[in-house]
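S.K.: just the structure for this:
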Amino acid sequence: MAEKLPFGKGASINRPPLFCGMNYRFWKVRVKIFVESIDRGIWDTIENDPFVPKVQKDNVFIEKPWSQGTKSESKKAQFHCISKNIITFALNSNEFFRVSECASAKEMWDILEVTHEGTNDVKRARKHAIIQEYEMFRM
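M.R.: Residues are numbered from 1 along each chain as shown. Predicted coordinates for the structure are as follows:
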């Protein structure tokens, strides 16, 4: 009998891998590969912030109205909507409600990362603790 997988159903090229709250590192790598396979611009939106077309008016840059954007600008701006959609579809209900109020895909990604991996300081402290434990190991 097949074992029950903690990260949801099998792989699909049309559906992002489901995150159930377990094995975050595995899920994180799979989602990155999934998103990049669609378009690397979408992953750029998740890693950085969404592209916002701007226009200069009176020596000040302001957000350009959606209707005035070029085709290229509209495509880049659409990546933000796609990235939020992919992330929310890849989460079970508990994880979804953790990020549902976020304004950007980057904010969603960062909250999931901090929740399941910790901040950089926490990661560094874990690494040093493991190194120290290894150095103190005696048979």
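S.K.: center of the protein - which residue?
M.R.: Trp109 (3.5 Å; C-alpha atoms, centre = their mean).
S.K.: check which helix or strand the residue nearest to that one when sequence neighbours are not counted maps to.
M.R.: Leaving aside its sequence neighbours, Trp109 sits nearest to Ile46 (C-beta to C-beta, 6 or more residues apart in numbering; 5.1 Å). (Each C-beta comes from the backbone N, C-alpha and C, glycine too.) Ile46 is part of helix 40-47, with elements assigned from DSSP states H and E.
S.K.: can you list contacts of that helix?
M.R.: 32, 35-36, 51, 75-76, 79-80, 82-83, 86-87, 105-106, 109 (C-beta atoms under 8 Å, 6 or more residues apart in numbering).
S.K.: recalculate using a threshold of 7 Å.
M.R.: Applying C-beta atoms under 7 Å, 6 or more residues apart in numbering, the set of residues contacting helix 40-47 from outside is Lys32, Val35, Glu36, Phe51, Lys76, Phe79, His80, Ile82, Ser83, Ala105, Lys106, Trp109.
S.K.: so which elements touch the next helix or strand after it?
M.R.: The helix or strand immediately downstream of helix 40-47 is strand 54-57, counting by DSSP H and E. Secondary-structure packing of strand 54-57 (3 or more C-beta pairs under 7 Å, 6 or more residues apart in numbering; DSSP states H and E): strand 60-63.
S.K.: what's the strand it packs on packed up against?
M.R.: strand 54-57.
S.K.: sheet partners, orientation included, of the strand it packs on?
M.R.: strand 60-63 (antiparallel) (DSSP bridges).
S.K.: buried stuff in the strand it pairs with?
M.R.: Under the neighbour-count criterion of 16 or more other C-beta atoms under 10 Å, strand 60-63 has nothing buried.
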